[in-house]
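> Take this sequence and fold it.
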Amino acid sequence: HYFIQSNLRMAPRAELEPQIVEMTVLEGKEKLSVEEVMDRAVTKLNFKLFLLLLFSSLTSYMWPMNVVSMSFAGDIRYSEWECVSEKCRGLLDAAGSEEAFYTQQGLCGNNLLENEDFVWTTTKSTFSLEWGLYCGNEQTNTMITSLFNIGNFLGLLASTALYDQIGRKKGALIGALIELVSSTASAFAPNYQVMMISRFVCGFGSVIHLMGYICWLLEFSPGPLRNINSLFVFLGWSNGYFMVIGISYFVDEWRYIYYCITGLSVLLLIPLLLVPESPRFNLIKGRDSEAKKTIELFSKAAGSNITMDQIDLIYTVKIQNFLEQVKDFKAYPVMLRETLVTMFTWFAISLVMYSYMFTWGKFSSSIYTSYCAAATSEMVLFLVTVPIVNWLGRKNTTLAFLMTAIVGNFIAMINYRFHDNWSVELLASLISSMSINGSYNVMYMLTVERAPTTHSGMILSLGNSMGRAGGILSPHVNLIYGIASRRAPLALYAGVALLALAGVCYLPDTTGKPIPQTPAEFMKSRTNKVGADTGHRDDQKDTQLNIVYENPEARP
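Below you'll find the model as predicted:
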């Protein structure tokens, strides 16, 4: 080992290879990287492994339920009210029809007072109606939604060090427990001030839970199946939407909606308690035996039954604190630049995606029709994303999705309705929403696969924190529909999607490439030169460790 480390830059490759072969033969064990072992352990998705991944993905249902619940628990039914005063009836007669008058403009534009001029006829109880958060006070309703995303933003900043210090699983568990407690508190909120606090805390915990789980899943997955395994998370989002839609449809009282979500969340948290920690994280922390045990258990589920006794894992132990991780961005400027572009791209894509999420009620007279159509379109999208990514690769798929979203937003500007609940705007918006969601989903793979394992949690959290910044602004896009042409937000969506497309063009494609373990390996993947000098103090050690698996012909 010392000979190779000392002479790597001086000795020709031909002189080094015999030394590596001799070392391998004497030790009698095969030397493999964790990427190579995982690829060997899982070559296909069998039924047992399918059930294992499906079971572990149940925990991802919690996040969409907490996000979308606001749209139903705080829904404002501007078409479900009637006049009780002479003033209101006179305005109704002047409007000429109930359909034209019983609208947001008819209610808010005439300064009608509840119980004096009108009464609500809806059978659904919402906190917006209970606390008077409509018309001039609708901004407060929007702020409650924004606070959830502000909590997301701060949760991601707090988790930048969490996952890389205590682990992906433990970080996700901490977030899930915060999410569970705050979701329960929402059901008991006596006023909108308490609701604001509970939604902020719920946003803080839910994103720590979700990002920790996604980081765990993508690191746990072998390269060939990483695309398929991510499908389980994304399908969990669609299923979570359907669950909260079903709860809201059959439950009339908004507080009971949160009771149901809390009960389901307790059950959905069980899989996270049972899964092991990411073997990549264990290796980075020097826990060789724990990583090998996890890989063996995973290989049994996959039917390969690999025995780790005859395998030496090649890895670099790199135990860092938060400050040392941050300093690495200065030592590796390429990693810094790509991370900044990744953060911007997350922001742009998320702004459009969350804007659609909070404005579906504007596209149809039935909020349930809109959200069911959106959830169905996302489920279809997730099912087709896997073959598309396998065909085009990570980067090209993201670019194709963004181009489709841009075109779809322009088509949505056509004003034609062929049914009470269906229009060209709704159908084109569904296509655009599917596409922007597709690009959002692939960004997870582009981010985690691009980042070195030592910084994976931090970079994923930084990217998603900017995504939540877009989410903070997105509810305010909803207000544009009341003050400007319906084409204005659609043009905004198209423009922002174009900016996201420019960001993706800059980033490298990660298709078929191993996940780097350290920043030095990250730099080698950018230069494509074995032993390239990165100027980092750990460069020689990392190069020595990589020389074995970058020269497979040197193995016996």
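> How far does stretch 165-180 sit from its chain's centre?
Taking Cα atoms, centre = their mean, to the nearest Å, one finds the center of stretch 165-180 at 16 Å from the center of the full chain.
> Repeat that for stretch 59-79.
17 Å.
> quick one: terminal-to-terminal distance for it?
36 Å (Cα to Cα, to the nearest Å).
> Stretch 299-307 too?
Start-to-end, stretch 299-307 (Cα to Cα) is 9 Å.
> How far does it sit from its chain's centre?
That offset, for stretch 299-307, works out to 30 Å (Cα atoms, centre = their mean).
> in stretch 366-376, what's buried?
Buried residues in stretch 366-376, counted by 16 or more other Cβ atoms under 10 Å: I367, Y368, T369, S370, Y371, C372, A373, A374, A375. C-beta: built from backbone N, CA, C; applies to glycine.
> hang on, S456 packs against G212?
No - if you go by Cβ atoms under 8 Å, S456 and G212 don't touch, sitting 11.1 Å apart.
> more neighbours, these two?
G212 (30 against 27; other Cβ atoms under 10 Å).
> Let me see the contact set for that one.
Going by Cβ atoms under 8 Å, 6 or more residues apart in numbering, G212 touches S159, L162, Y163, R168, K169, K170, G171, A172, L173, G175, G457.
> Got a quick PyMOL command for the buried subset of these?
Those of those that count as buried under 16+ other Cβ under 10 Å are selected in PyMOL with:
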select buried, resi 159+162+163+168+169+171+172+173+175+457
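> and which of the contacts of G212 is nearest to S71?
G175 (22.1 Å; Cβ to Cβ).
> Contact partners for the closest one?
G155, S159, G205, S206, V207, I208, H209, L210, M211, G212.
> Could you find the closest non-adjacent residue to it?
With sequence-adjacent residues excluded and distances taken as Cβ to Cβ, 6 or more residues apart in numbering, G175 is closest to I208, at 2.8 Å.
> same question, L462
Per Cβ to Cβ, 6+ apart, closest to L462 is M343, 5.6 Å.
> quick one: that neighbour and N152, what's the gap?
Going from M343 to N152 by Cβ to Cβ, to the nearest Å gives 14 Å.
> Who has more neighbours out of the two?
N152 (31 against 19).
> helix/strand/coil for that one?
Assigned by DSSP: H, G, I helix; E, B strand; the rest coil, the conformation of N152 is helix.
> again with L313
Going by three-state DSSP: L313 is strand.
> Who does it form a beta bridge with?
Beta-bridge partners recorded for L313 (DSSP bridges): L32.
> Check the spacing between it and K395 real quick.
30 Å.
> mind listing what's buried in stretch 185-204?
Neighbour-count burial for stretch 185-204 [16+ other Cβ under 10 Å]: 185-187, 189, 192, 195-204.
> quick check: mean pLDDT across that stretch?
In this model, stretch 185-204 has an average pLDDT of 94.
> mind checking pLDDT for I208?
At I208, pLDDT is 90.
> Need phi/psi at it.
With angles defined as degrees, to the nearest 10, I208 sits at phi -60, psi -40.
> which stretches of this protein aren't confidently modelled?
Residue ranges of the chain with pLDDT under 70: 1-28, 223-224, 315-321, 358-365, 419-421, 478-484, 527-556.
> which element is the closest residue to I411 other than its chain neighbours on?
Nearest residue to I411, sequence neighbours excluded (Cβ to Cβ, 6+ apart): A428, at 4.1 Å. If you go by DSSP states H and E, A428 is part of helix 424-450.
> Now that helix: buried residues?
Buried, per 16+ other Cβ under 10 Å, within helix 424-450: 425-450.
> and if you look at stretch 34-49?
Buried residues in stretch 34-49 (16+ other Cβ under 10 Å): V34, E35, E36, V37, M38, D39, R40, A41, V42, L49.
> same deal with stretch 410-423?
In stretch 410-423, counting by 16+ other Cβ under 10 Å, buried: A412, M413, S423.
> Dump the residues you listed to TSV, plus distance to K293.
As requested, those are exported to TSV (distance: Cβ to Cβ, whole Å):
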residue	distance to K293
A412	52
M413	57
S423	56
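> tell me the contacts of V504?
Taking Cβ under 8 Å, 6+ apart as the test, what V504 contacts is T345, K395, T398, L399, L402, S439, L446.
> Over to V496?
Here V496 is in contact with A348, L351, V352 (Cβ under 8 Å, 6+ apart).
> can you pick the most crowded of the residues you listed?
V352 (32 neighbours).
> G512 should be in a helix, yeah?
No - G512: not assigned to a helix; according to three-state DSSP it is coil.
> Helices - which of the buried residues of stretch 34-49 land there?
V34, E35, E36, V37, M38, D39, R40, A41, L49 (DSSP state H).
> helix/strand/coil for E82?
Three-state call for E82 (three-state DSSP): strand.
> That one reaches D117, doesn't it?
No - counting by Cβ under 8 Å, E82 stays clear of D117, with 10.3 Å between them.
> Among the two, which residue is more densely surrounded?
D117 (19 against 13).
> quick one: contacts for that one?
C83, V84, S85, K87, C88.
> Pick out the most distant pair among these.
Longest span within the contacts of D117, Cβ to Cβ: V84 and K87, 9.9 Å.
> what's near enough to touch I515?
Here I515 is in contact with E35, E219, R280, V448, E449, A451, P452, T453, S456 (criterion: Cβ under 8 Å, 6+ apart).
> 7 Å - rerun?
E35, E449, T453 (Cβ atoms under 7 Å, 6 or more residues apart in numbering).
> picking up where we left off before, keep only those of the buried residues of stretch 185-204 that are in helices.
Using DSSP H, those in helices are 185-187, 192, 195-204.
> I figured G236 hits S60, correct?
Yes - under the criterion of Cβ atoms under 7 Å, G236 makes contact with S60 at 3.6 Å.
> and for these two, which residues touch both?
Counting by Cβ under 7 Å, 6+ apart, G236 and S60 have no contacts in common.
> any idea how far R487 is from the residue of the chain positioned farthest from its centre?
Distance from the C-alpha centroid of the chain, by Cα atoms, centre = their mean, peaks at E86 (51.7 Å). E86 sits 38 Å away from R487, taking Cβ to Cβ as the criterion.
> do V275 as well
In terms of Cβ to Cβ, V275 sits 47 Å off from R487.
> higher neighbour count, these two?
Neighbour count, other Cβ under 10 Å: between V275 and R487, V275 has more, with 20 against 15.
> Does the nearest residue to that one once chain neighbours are set aside lie in a helix or a strand, and which?
Once flanking residues are discounted, V275 sits nearest to S56: 5.2 Å by Cβ to Cβ, 6+ apart. Per DSSP H and E, S56 falls inside helix 47-56.
> Only the buried residues of that helix, if you could.
L49, L52, L53, S56.
> which other residues reach that helix?
Contacts of helix 47-56 (Cβ under 7 Å, 6+ apart): V42, N229, F232, P271, V275, A301, A302.
> now stretch 78-94
Here stretch 78-94 has contacts from 98, 101-104, 107, 110, 112, 116-122, 365, using Cβ under 7 Å, 6+ apart.
> Return the subset of those lying in helices.
E98, F101, Q104, L107.
> how about those residues, which pair is most distant?
Across these (Cβ to Cβ), the longest gap, 14.4 Å, separates E98 and Q104.
> okay, those two: which has more neighbours?
Q104 (16 against 13).
> quick one, phi/psi of the spatially closest residue to the more buried one that is not a sequence neighbour?
In space, and not counting its chain neighbours, Q104 is closest to Y78: 4.0 Å by Cβ to Cβ, 6+ apart. Dihedral pair for Y78: phi -70, psi -10, per degrees, to the nearest 10.
> And Y78, how far from T142?
Distance from Y78 to T142, by Cβ to Cβ: 15 Å.
> what do you get for T404?
29 Å.
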